[in-house]
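Student: Turn this into a model:
(one chain, ligands or ions: 1)
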Amino acid sequence: MRRAIFPGSFDPLTNGHLDIIRRSVPLFDEIVISVLNNPDKNPMFTVEERCEMIREIVPTLGGNGCEIRVASFSGLTAHFAREMQATAIVRGIRAVSDYEYELRMALMNRKLEPEIETVFLMAGEEYSYVSSTLMKQVVELGGRVEGLIPESVERRIRQKLGQESK
Ligand code: PNS
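Tutor: Below is the predicted model:
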């Protein structure tokens with residue numbers, strides 16, 4: 001059983017995240033999209049809202065034999081991966097600038113849990129500039145984000161910002 005966790009803040013989910021999940025599907029029997037419960041970061045969405053948005057999208061992904069689950073966690077990613085009996089932690093790399101931070105995290109996670117490998121997947125180049133932060137900012141300021149975040153997520157951002165009618 002090859003189980004991976006795909007940890008992140010997902011505040012909110014973007015098409016870049018979905019791209020990484022699609023690329024993970026052929027590699028694992030089960031992927032647990034793992035949403036960090038991190039109130040210090042002052043997220044736009046509660047952890048429940050973030051999980052709910054992801055759960056709405058998961059059926060459209062076509063797991064093709066790979067089970068895709070959604071869970072939230074607090075504390076260390078490495079400990080959560082062990083708790084889930086995962087053999088891998090999946091992280092997406094968009095550009096070289098992501099690599100240094102990701103490498104430090106991967107090495108720390110390996111120090112904490114030597115049996116669990118971090119697997120880096122390269123996001124499609126069309127998502128190389130997509131981040132949750134940027135997407136929230138662009139929606140807030142009236143820019144177009146089609147193709148970069150799911151429509152349902154865009155609607156949720158607008159609701160949060162009180163822009164439902166736009
Ligand atoms: O989507 P993000 O914000 O890039 O995800 C970062 C995340 C959640 C993977 C990272 O901040 C994390 O693992 N946080 C949990 C605490 C932890 O394990 N810290 C040590 C990492 S070496």
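Student: other SSEs contacting whatever helix or strand Q137 lives in?
Tutor: Using DSSP states H and E, Q137 maps to helix 132-140. The helices and strands touching helix 132-140, judged by 3 or more CB pairs under 8 Å, 6 or more residues apart in numbering; DSSP states H and E, are helix 151-160. (Each C-beta comes from the backbone N, C-alpha and C, glycine too.)
Student: one step back: what lies in contact with the helix holding Q137?
Tutor: Residues from elsewhere that reach helix 132-140 (CB atoms under 8 Å, 6 or more residues apart in numbering): 9-14, 44, 144-145, 148-149, 154, 157-158, 161, 163.
Student: Name the residues of the protein found near the ligand, please.
Tutor: When proximity is defined as CB under 6 Å from any ligand atom, the chain approaches the ligand at 7-9, 36, 76-77, 105, 108-109.
Student: So F45 belongs to a helix, correct?
Tutor: No: F45: not assigned to a helix; according to DSSP: H, G, I helix; E, B strand; the rest coil it is coil.
Student: Run through the residues that contact it.
Tutor: The contact partners of F45, taken as CB under 8 Å, 6+ apart, are 11-12, 53, 156, 160.
Student: Please produce TSV containing those, extended by pLDDT.
Tutor: Shown next, in TSV, are these (pLDDT from 0 to 100):
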residue	pLDDT
D11	97
P12	98
M53	98
R156	97
K160	96
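Student: Tell me which two of the contacts of helix 132-140 sit farthest apart.
Tutor: Within those, two members stand farthest from each other by CB to CB: S9 and R144, at 23.5 Å.
Student: what about the strands in the protein?
Tutor: 3-8, 30-36, 67-73, 88-93, 117-122 (DSSP state E).
Student: Which among the contacts of helix 132-140 count as buried?
Tutor: Neighbour counting with 16 or more other CB atoms under 10 Å marks 9-14, 44, 145, 148-149, 154, 157 as buried within those.
Student: Right, I'll leave it there.
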